[in-house]
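Trainee: Pasting a predicted model and its sequence here:
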Amino acid sequence: MEINFKKYLNRFFMKRLLEYNSIQSKKRYLFFNDPEMIDENINQLPSQIRNKIYIMSIRNYWRKYIPLTAKVPSWYTHSIDQKKMLLNAMLDNIHFMHLPCNTLEENKTYILGCQCSYCKYYGLDRGYDGTNSENKYNHRQLVENNYIDNTDYFIETIPRENNKSRWNSRWKWICSYNEDNYVENVTMGMKIYNPGEDIFLTIKDKINGPPIHFT
């Protein structure tokens, strides 16, 4: 019986090739189009490729990473707004008690010299006797007259901070101390609050006011 070696070889190699292809088909990568399945996708790759992906990922991570201590604090923006509000209050002569962070508009009471939206126009529209606008007008006139007669009237009536009128003082005093903890030098700093900001005195008012003493 003659053997056809050509057919035999073809059949033999085809069988081996089919077995090889069947094995390779089982090893084919099956990637999932889902970000949550990234671990399964990477684990299918050869170790060399996984190592390179790890190195590249770590490098990109440290390039973009900003440590928490180097970031701008979450309270920084609010702190800047507060400092601007305090500075504008000093420049516009708004009392500390009438800042938006300290009181609501409906809870405000008139403070002499304050230039906030409530106090600036308080009592300017005079109405009929017994009306609310008339009472506000009389109250403002009374407070202004008492202050003109005695400038200490404002300090005596306004609440103080630790028995000191730090915010109510007209100027912020900057003091330097010596080694014995005594005041060595006093310089006048930024204006804090002026109770007589909106009181305009005429020459007649000054003449009829308290006497001027010269030293």
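Mentor: Okay, I see it. Because the structure is predicted, anything quoted here is derived from the model rather than measured. Residues are numbered from 1 along each chain as shown.

Trainee: what's the following helix or strand after the helix or strand bottoming out on mean pLDDT in the chain?
Mentor: Every helix and strand in the chain was compared by mean pLDDT, DSSP states H and E; the lowest is helix 5-26, with a mean of 58. Using DSSP states H and E, the helix or strand that follows helix 5-26 in sequence is helix 38-43.

Trainee: The next helix-or-strand element following that next one: which residues count as buried?
Mentor: Remark: after helix 38-43, the chain's next helix or strand is helix 47-64, criterion DSSP H and E. Within helix 47-64, no residue is scored as buried using 16 or more other C-beta atoms under 10 Å. Heads up, the C-betas are built off the backbone N, CA and C, glycines and all.

Trainee: what does helix 47-64 rub up against?
Mentor: 42-43, 45 (C-beta atoms under 8 Å, 6 or more residues apart in numbering).

Trainee: Quick check: mean pLDDT of it?
Mentor: Averaging pLDDT along helix 47-64 gives 88.

Trainee: Can you name the secondary structure element that comes next after that helix?
Mentor: Next along from helix 47-64, by DSSP H and E: helix 76-92.

Trainee: Please work out the average pLDDT along that next one.
Mentor: On average, helix 76-92 scores 89.

Trainee: going forward can the numbers begin at 32, since that is how I track them
Mentor: Fine by me, first position is 32 from now on; the one you just mentioned is helix 107-123.

Trainee: Pull out the buried residues from it.
Mentor: Buried, per 16+ other C-beta under 10 Å, within helix 107-123: A120.

Trainee: Would you mind putting the CA coordinates of that helix into PDB?
Mentor: Presented in PDB, the C-alpha positions along helix 107-123 are these (Å, rounded to 0.1, in the frame of the first residue of the first chain):
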ATOM      1  CA  TYR A 107      -8.500  82.100  52.100                       C
ATOM      2  CA  THR A 108     -11.100  83.600  49.700                       C
ATOM      3  CA  HIS A 109     -13.400  84.400  52.600                       C
ATOM      4  CA  SER A 110     -10.500  85.900  54.600                       C
ATOM      5  CA  ILE A 111      -9.700  88.200  51.800                       C
ATOM      6  CA  ASP A 112     -13.300  89.300  51.500                       C
ATOM      7  CA  GLN A 113     -13.400  90.000  55.300                       C
ATOM      8  CA  LYS A 114     -10.200  92.100  55.200                       C
ATOM      9  CA  LYS A 115     -11.600  94.100  52.200                       C
ATOM     10  CA  MET A 116     -14.900  94.700  54.100                       C
ATOM     11  CA  LEU A 117     -13.000  95.900  57.200                       C
ATOM     12  CA  LEU A 118     -10.800  98.200  55.100                       C
ATOM     13  CA  ASN A 119     -13.800  99.700  53.300                       C
ATOM     14  CA  ALA A 120     -15.600 100.100  56.700                       C
ATOM     15  CA  MET A 121     -12.600 102.200  57.900                       C
ATOM     16  CA  LEU A 122     -12.500 104.300  54.700                       C
ATOM     17  CA  ASP A 123     -16.300 104.800  54.500                       C
END
